[in-house]
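Colleague: Next comes the sequence, and after it the predicted model I'd like to discuss.
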Amino acid sequence: MKVLIFCHKPPWPMVDGGAVATARMAEGLAARGINVEVLALATPKHPGGGLCPDGLRFDTLDVDTRPRVPAALLNLLRPGSYQLQRFFSSRVVEIVTDRLRESRPDVVQLDGVGVLPYFAAIREAFDGIVVYRAHNVEHQIIRDRVAGRGKSLVSRWLRLQAARLEKEEATACQEVDGVIAISEPVAAWCREWTRGPVAVIGVGVPDDANQPARTTAQDLVHLGAMDWPPNREGVAWFVREVWPKLRRRHPALKFHVGGRSSERFGSKIAAPGVVVDGEVDSAVDYLGAHGLMIVPLLSGSGIRVKIVEGMALAKAIIATPVAVEGLGVDPGRHLLVAEDSLQWVEAIDRCLSDPELVAALGAEALSFAQEHFSLSQLSRDLENFYTVLTQPTA
C-alpha cells in the first residue's frame, strides 16, 4: 500500500503538537512496511528544515500564509474563510496534481484543516481514496476565543470566519471517503457530517521511548508553542491568576516556560520566579529536568499532544478540563484537573507536599500512555482502516 500524507506544515522538526502527531503517524505507517510519502506546505510560521527518518519521502512546498489586512478585508466579499484562503496557492495545485500522477498512491491523507482548499483539485486528478485527518474542530477554537468579547469589529469578523470555517470543515467531512479523528470529541462532531467511516486514532508514542527518572515536584514546567493563541492565553491566565497566590505560599518556587516563540511572549508573563527558557532542543530532556507539568488551557479542541508526551515520560500533570478533553483519562488517578485559580493552588500544593502522590500520578500516567497511545498499535489500527477503505466494493 502507498499513502501520500499532504499536510499544512512540515512534521519535521517536531516543534509542536501538530507536527508530532503527523510525524508519528508517518513513522508508524512506514515501520509497518507501508510506502509513505509526506508532502508539506512550508510557511513563514512553520518553515520546516528538518530531516525525516530513513524510508520516507519528504518534500515541502513554500506558501506565504502571512495575514494581511487588505486581504482580510477583501475576504468579506468572498464565501470562504480567510484562514483557509491564506493556505491556497495555484502553484501548489500544479505540483500536487503532478505528484499524484507520478506517485499513484492508494490513499491521500489530507492532514489538517490547512490543506482542505486543495481537496477539489485532488479529487479531479486522483480517483483513489481521500481521507481527512481532523486534528481539531478548528472553528470551535475561534468561537471559544471570541466568546464574551463583545461586538467589536474584530470579534464580529472572527465570528464570521468561524461560521465560514465550520461550513468548510463540514463540507470536507461530507465529501471525503473517511475521517481519522484525533480524539472522540472531534470524531463526534465529524460524524454529524460525514457519509463515510470515522476512526479515532490519537497520537502514538514510540514503544521503545526512553523514560527519564521520575522527578519530584521541585518546580513547575509548561512546554508548548507560544505562537498558538490558546497556549498564550492559558499561560498568561495562570501567571496572572494563580502564580501570585502560589508565590506567597512558596516564595522560592520557579515556573519554567519553554517552546517555540516563548521568548517573544516572555515580556507578557514577566513575574518573579517565572523563567522563560525559549525553544528547547529536546522535549524529553526539558520535561525530564523539571517537576510538575502544568497545562492551563482555556480553549482548544482535539487532544494536547504534550500531555500524551508528558504521560509517556511518567510526569505528574495538572491540567484544565479543556486540556484533557478527548484523552479518556481518569482525573485524580492519571493526572489532576483544576479549573479555577483556587483549585489550581490546591492541586499544586498537594503535589509539593506529597512526593508519594507525585510518584503515583507519574506511574499511572505512564501506564495509561503505554496502553492507549502505543504507536505500533495505533499504526496497525490505521493500516486496517485504510485496508478496508481500499477494498473493492461488491
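Modeller: Ah, there it is.
Colleague: Just the buried residues of the top helix by length along the chain, please?
Modeller: Assignment by DSSP state H gives helix 153-175 as the longest helix of the chain. By neighbour count on 16 or more other CB atoms under 10 Å, the buried set for helix 153-175 is 157-159, 161-162, 164-166, 168-170, 172-173, 175. C-beta here means a position set from N, CA and C on the backbone, and glycine is covered the same way.
Colleague: Same check on stretch 2-22?
Modeller: Those would be 3-12, 14-22, for stretch 2-22 by 16+ other CB under 10 Å.
Colleague: The helix or strand that contains residue 133 to helix 153-175, inter-axis angle?
Modeller: If you go by DSSP states H and E, residue 133 is part of strand 129-134. Angle, strand 129-134 to helix 153-175, by axes from the mean of the first three to the mean of the last three CA atoms, to 10 degrees: 150 degrees.
Colleague: what ranges do the helices span in the stretch 201-350 of the chain?
Modeller: 229-237, 243-249, 262-265, 283-289, 305-312, 321-324, 341-353 (DSSP state H, counting those that start in this stretch).
Colleague: rewinding a little: out of the buried residues of stretch 2-22, which are inside strands?
Modeller: Using DSSP state E, the members of those that fall in strands are 3, 4, 5, 6, 7.
Colleague: Spatially nearest residue to the second one, not counting backbone neighbours?
Modeller: If I follow you right, that is residue 4. Excluding the flanking residues, the one nearest residue 4 by CB to CB, 6 or more residues apart in numbering is residue 105, at 4.1 Å.
Colleague: Return the residues in contact with the one you found.
Modeller: Counting by CB atoms under 8 Å, 6 or more residues apart in numbering, residue 105 touches 2, 3, 4, 37, 126, 128.
Colleague: Let me have these in CSV, extended by pLDDT.
Modeller: Shown next, in CSV, are those (pLDDT from 0 to 100):
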residue, pLDDT
2, 96
3, 97
4, 98
37, 97
126, 95
128, 94
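Colleague: Columns distance to residue 235 on top of the ones in strands among the buried residues of stretch 2-22, output as JSON lines?
Modeller: Listed next are those as JSON lines, based on distance: CB to CB, whole Å:
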{"residue": "3", "distance to residue 235": "36"}
{"residue": "4", "distance to residue 235": "36"}
{"residue": "5", "distance to residue 235": "31"}
{"residue": "6", "distance to residue 235": "32"}
{"residue": "7", "distance to residue 235": "26"}
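Colleague: Looking at these, spot the one nearest residue 143.
Modeller: Each of those was checked against residue 143 using CB to CB; the closest is residue 7, at 24.2 Å.
Colleague: Tell me how far the closest one lies from residue 32.
Modeller: Distance check for residue 7 against residue 32: by CB to CB, to the nearest Å, it reads 19 Å.
Colleague: Residue 16 too?
Modeller: Distance, residue 16 to residue 32, by CB to CB: 25 Å.
Colleague: elements contacting the longest helix of the chain?
Modeller: Contact partners of helix 153-175 among helices and strands, from 3 or more CB pairs under 8 Å, 6 or more residues apart in numbering; DSSP states H and E: helix 82-85, helix 119-125, strand 129-134, helix 138-146.
Colleague: among those, which is the most enclosed?
Modeller: Stretch with highest mean neighbour count among the helices and strands packed on helix 153-175: strand 129-134 (a mean of 24; mean count of other CB atoms under 10 Å).
Colleague: angle of that strand against strand 2-7?
Modeller: 40 degrees.
Colleague: For strand 129-134, name the packing helices and strands.
Modeller: Packing partners of strand 129-134 (3+ CB pairs under 8 Å, 6+ apart): strand 107-111, helix 119-125, helix 153-175, strand 178-181, helix 184-191, helix 375-390.
Colleague: looking at the ones you listed, which is closest to residue 146?
Modeller: Closest approach to residue 146 among the helices and strands packed on strand 129-134 (CB to CB): helix 153-175, 4.7 Å.
Colleague: May I see the buried residues of the strand ranked longest in the chain?
Modeller: Longest strand in the chain, counting residues (DSSP E): strand 35-42. Using 16+ other CB under 10 Å as the test for burial, strand 35-42 gives 35, 36, 37, 38, 39, 40, 41, 42.
Colleague: want to throw these into TSV with distance to residue 365?
Modeller: Formatted as TSV, those follow (distance: CB to CB, whole Å):
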residue	distance to residue 365
35	35
36	30
37	34
38	30
39	35
40	31
41	34
42	34
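Colleague: Out of those, which comes closest to residue 117?
Modeller: Nearest to residue 117, judged by CB to CB, of the buried residues of strand 35-42 is residue 41 at 10.4 Å.
Colleague: dump the residue contacts of the closest one.
Modeller: By CB under 8 Å, 6+ apart, the neighbours of residue 41 are 7, 8, 9, 60, 61, 62, 63, 65, 87, 92, 114, 115.
Colleague: of these, closest to residue 220?
Modeller: Residue 220 lies nearest to residue 9 out of those, by CB to CB, at 28.6 Å.
Colleague: Would you mind giving the domain segments of this structure?
Modeller: Annotated domains of the chain cover 2-204+374-390, 220-372 [automatic domain parsing].
Colleague: low pLDDT regions in the stretch 201-350 of the chain?
Modeller: For the stretch 201-350 of the chain, applying pLDDT under 70 flags the ranges 209-216.
Colleague: distance of residue 369 from residue 220?
Modeller: For residue 369, the distance to residue 220 - CB to CB - is 21 Å.
Colleague: meant to ask about residue 367, not that
Modeller: Taking CB to CB as the measure, residue 367 falls 23 Å from residue 220.
Colleague: Could you check which of those two has the larger neighbour count?
Modeller: residue 220 (27 against 14; other CB atoms under 10 Å).
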